[in-house]
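1. The sequence and its predicted three-dimensional model are supplied below.
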Amino acid sequence: MTSFERSAVRNWFEGLRVDPFLVFPGTEDAEIVNGNLDGALDRLVAAAAACATTGDRERWAAAVTDLAGVAVQLGEYVLAEDTLKEILDAHTNLPIDDEVIGEALMTRANLFCATGRHDVAEHELTGRLNHYPAGSFRGATNRESLAVLYAETHRPELAIVPLTEAIAIYANLGKKIRQLEARASLAWVLLATGSHDGGRAEWAQVRAAFVAMKRPERVAACDYNWANYLVDEGMFAEADRYFDAAARGLAGAGQHHQLANLQWNRVRRLKAEAESMSGVDRQRELELRQRAADIAVSAVIASDYERFQFNDSARRTQWSQHIGPRIRKAFRLAYHYGSPELVADLIESALSAGVYVPGPEDPVHVAEVASAQGGPPVAESAVEDDDPPALAVMHGVAALLATPVLPVSPPPALTSATGRTLLGRHRTMAAEFDPDLKAILARVPRVAAW
């Protein structure tokens, strides 16, 4: 690939885009196929409980494995982790079918991907790549999962071969839905690697098939990826239309937790249009960048609250590391294009919530680099050469928050001396993404800022 193509690939996967086609083996019952994921989760919980009561170990194992897959798609990561641990622990004492255990292991690898632990997922998926018989359904799902991981970790060129192999196996086995889902991922990868004609053709055919099958949640996933492609093509108004359609579809499928990811891609879209306005329309450019800052802050608030479903500090820290790039970019956007009040609110709220952890490019220690204004120490790699001193101070405040011991419950809403809620408008924006988050934000206590 040329340097230009590699840059395009990095831009394509910027913002930790959700892949709507993560493979969850075995989840093909009617409610799941129809996109009723909440209903499917309730049914599977009841089925697993019933099978445990009657001692039907085979059906119990199948039910809990499917339950874990659906839980990941709904963002219920702790439920998925606990369920997978239960079945994999039981496997040491109970004669559970190897195929079901294979499904559970692949679902666990997909869970690792969804929560940012890509290295662990890759180890599991590559370790089982040749475990299944040639041409088997489980071998195909393993290849598809590995391909998606390659795409999500900025190596889409490596995804083409395993996706093509998976598609051929699905076709041979008559697994039409699986084949379409793999083709949707292939369309995404082709577009990302510069094969625009092939990617567009695959996308159009797959989307039309999902429309005909009345699979709105899959149509939404297609629209999501297409919107991102349109951003790269500079077709911003058309991209907005597809982002809006994807948001409606994801919400309709109960995947509200994905809306923060989608909003982060809107940030990328606004920044791209702003760059096209540079030197053309300064007022329009500034308006777009200010909107990007507002949306970035609200998306970070929504994503950060997901860490409180984890019941130990290590897992909460892992989640914060997963969204760490977004946190840093939100700070930067707020400083350059938001108001001084927004910057102050962000710093005060970050101190309260303990949301910052260093990214892979940041040192664990804090370097003794004083800002020109005599501010606190600054993590050297967190500050760019062209950053003004005040932004260096802000990065220093963020870096000092690096700690493995994060709060165990959602932080309170901070209020100013005048009674204003810090980040109040952005918290309201974030609440619109997810009814569960809206309820949490409504009931957390209000506390005066220091």
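-> Done, it's in.
2. what's the longest helix in the chain?
-> The residue-count maximum for a helix in the chain (DSSP state H) belongs to helix 282-305.
3. Could I have the CA atoms of the following helix or strand past that one written out in PDB?
-> Sequence order places helix 313-322 as the next helix or strand after helix 282-305, per DSSP states H and E. C-alpha atoms of helix 313-322 as PDB (Å, rounded to 0.1, in the frame of the first residue of the first chain):
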ATOM      1  CA  SER A 313     -11.200  -1.200  39.000                       C
ATOM      2  CA  ALA A 314      -8.900  -3.100  36.600                       C
ATOM      3  CA  ARG A 315     -11.700  -3.600  34.100                       C
ATOM      4  CA  ARG A 316     -12.900   0.000  34.500                       C
ATOM      5  CA  THR A 317      -9.300   1.100  33.800                       C
ATOM      6  CA  GLN A 318      -9.200  -1.200  30.700                       C
ATOM      7  CA  TRP A 319     -12.400   0.500  29.400                       C
ATOM      8  CA  SER A 320     -10.900   4.000  30.000                       C
ATOM      9  CA  GLN A 321      -7.800   2.900  28.100                       C
ATOM     10  CA  HIS A 322     -10.100   1.700  25.300                       C
END
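4. and helix 313-322, what's its mean pLDDT?
-> Averaged across helix 313-322, pLDDT comes to 75.
5. now swap in stretch 327-337 and tell me
-> Throughout stretch 327-337, pLDDT has a mean value of 87.
6. Isn't Ala80 up against Leu111?
-> Yes: using Cβ atoms under 8 Å, Ala80 makes contact with Leu111 at a distance of 5.3 Å. To be clear about C-beta, it is placed using only N, CA and C from the backbone, and glycine gets the same treatment.
7. per-domain residue ranges of this structure.
-> Following automatic domain parsing, the chain resolves into domains at 3-254, 310-448.
8. Look up the residues that both of Ala80 and Leu111 are in contact with.
-> 68, 72 (Cβ atoms under 8 Å, 6 or more residues apart in numbering).
9. tell me which residues in the longest helix of the chain are buried?
-> 285, 288-305 (16 or more other Cβ atoms under 10 Å).
10. Ok, stretch 229-238 next?
-> Buried, per 16+ other Cβ under 10 Å, within stretch 229-238: 229-232, 236.
11. what helix or strand does the residue lying closest to Ile301 once chain neighbours are set aside sit in?
-> In this structure, Ile301 finds its nearest non-sequential neighbour in Ala430, 4.1 Å apart by Cβ to Cβ, 6 or more residues apart in numbering. According to DSSP H and E, Ala430 maps onto helix 424-431.
12. Show me what that helix is packed up against.
-> Contact partners of helix 424-431 among helices and strands, from 3 or more Cβ pairs under 8 Å, 6 or more residues apart in numbering; DSSP states H and E: helix 282-305, helix 435-443.
13. Mean pLDDT added to those helices, as TSV?
-> Shown next, in TSV, are the helices and strands packed on helix 424-431 (pLDDT from 0 to 100):
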stretch	mean pLDDT
helix 282-305	91
helix 435-443	83
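14. Any stretches of the protein with poor pLDDT?
-> 1-36, 92-95, 98, 351-409, 450 (pLDDT under 70).
15. can you give me the strands in it?
-> 413-415, 446-448 (DSSP state E).
16. Out of the ones you listed, which is the most enclosed?
-> Ranked by mean neighbour count, those are led by strand 413-415 with a mean of 19 (mean count of other Cβ atoms under 10 Å).
17. how distant is that one from the center of its chain?
-> Strand 413-415 has its C-alpha centroid displaced from the chain centroid by 27 Å (Cα atoms, centre = their mean, to the nearest Å).
18. Ok, stretch 335-349 next?
-> The chain centroid and the centroid of stretch 335-349 are separated by 25 Å under Cα atoms, centre = their mean.
19. now stretch 102-111
-> When distances are taken as Cα atoms, centre = their mean, stretch 102-111 is centred 18 Å away from the chain's centroid.
20. cool, stretch 248-258 as well?
-> With Cα atoms, centre = their mean, you get 13 Å for stretch 248-258.
21. hey, C-alpha coordinates of that stretch in CSV?
-> Output in CSV follows, covering the C-alpha atoms of stretch 248-258 (Å, rounded to 0.1, in the frame of the first residue of the first chain):
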residue,chain,number,x,y,z
ARG,A,248,-32.7,5.1,14.0
GLY,A,249,-32.0,1.5,13.1
LEU,A,250,-29.5,1.0,15.9
ALA,A,251,-31.9,2.5,18.5
GLY,A,252,-34.7,0.4,17.1
ALA,A,253,-32.6,-2.8,17.6
GLY,A,254,-31.8,-1.8,21.2
GLN,A,255,-28.2,-1.0,20.5
HIS,A,256,-28.3,2.4,22.1
HIS,A,257,-24.7,2.0,23.4
GLN,A,258,-23.5,2.2,19.7
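22. So which bits of it are buried?
-> So, applying 16+ other Cβ under 10 Å, buried residues of stretch 248-258: 249-251, 253-258.
23. now do stretch 59-79
-> Going by neighbour count (16+ other Cβ under 10 Å), the buried part of stretch 59-79 is 60-77, 79.
24. Without its sequence neighbours, what residue ends up closest to Glu122?
-> Spatially, and ignoring its direct neighbours in sequence, Glu122 is nearest to Leu149 (5.7 Å; Cβ to Cβ, 6+ apart).
25. what about that neighbour, how many residues close to it?
-> Residues near Leu149, counting by other Cβ atoms under 10 Å, number 26.
26. my read: it touches Arg117, true?
-> No: with contact defined as Cβ under 8 Å, Leu149 does not count as touching Arg117 (10.6 Å).
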